[in-house]
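In: sequence-free structure coming up:
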């Protein structure tokens, strides 16, 4: 996030379009001002998603766990759009780290072997993308700034995710 604040300033200086420059500078200001809020939101969202991915989906008797009635609800359009955006952002940040991601998937699969049917990597790019999108929502509600922040955070993560996955492995 700190790298993104810096890169937004550089991008704003290089931009020839006045509207784009305003969006970049506004996004830089908002992210810099609410950096702690963004980081806390990202941490909490990522922790919840990782916990949901790691916990077993079946009970000890081999059947499905009892479903709470409040968990049975329709998903609104905004949630569907958020999931699609998270998957798209995940694909963007995963482009340069496919070998590391496959190796991490194998490593996590062997570590989580006793935790359910098919262990999945809880640090998949779409899960990280989901946490980023939800955190950006806490930083700004302006669509132009959200778009700029998501694009710049995606670029920043795409550059650092391969070495992060390699360090985890």
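Out: Looks like it came in fine. For clarity, every value in this text was computed on a predicted model and none was experimentally measured.

In: Report the residue spans of the protein with pLDDT below the cut-off.
Out: Per-residue confidence for the chain (pLDDT under 70) gives these ranges: 56-75, 114-119.

In: Swap in 80 and give it another go.
Out: 55-79, 109, 111-120 (pLDDT under 80).

In: pull the longest helix from it.
Out: If each helix of the chain is counted by residues according to DSSP state H, the longest one is helix 143-168.

In: Spit out the contact partners of residue 82.
Out: 130, 133, 134 (Cβ atoms under 8 Å, 6 or more residues apart in numbering). To be clear about C-beta, it is placed using only N, CA and C from the backbone, and glycine gets the same treatment.

In: Could I get those residues in a markdown table, plus columns for distance to residue 92 and secondary structure?
Out: Shown next, in a markdown table, are these (distance: Cβ to Cβ, whole Å; DSSP: H, G, I helix; E, B strand; the rest coil):
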| residue | distance to residue 92 | secondary structure |
| --- | --- | --- |
| 130 | 13 | helix |
| 133 | 12 | helix |
| 134 | 17 | helix |
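
In: Put together a markdown table for these, with distance to residue 163 and neighbour count on each row.
Out: Output for the contacts of residue 82, formatted as a markdown table (distance: Cβ to Cβ, whole Å; neighbours: other Cβ atoms under 10 Å):
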| residue | distance to residue 163 | neighbour count |
| --- | --- | --- |
| 130 | 22 | 22 |
| 133 | 23 | 23 |
| 134 | 24 | 18 |
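
In: In JSON lines, list those along with distance to residue 165.
Out: Shown next, in JSON lines, are these (distance: Cβ to Cβ, whole Å):
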{"residue": "130", "distance to residue 165": "17"}
{"residue": "133", "distance to residue 165": "20"}
{"residue": "134", "distance to residue 165": "22"}
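
In: Distance check, residue 159 against residue 54.
Out: 27 Å (Cβ to Cβ, to the nearest Å).

In: Residue 90 now?
Out: Taking Cβ to Cβ, one finds residue 90 at 18 Å from residue 54.

In: Who has more neighbours out of the two?
Out: Using other Cβ atoms under 10 Å as the criterion, residue 90 and residue 54 rank with residue 90 on top: 20 against 15.
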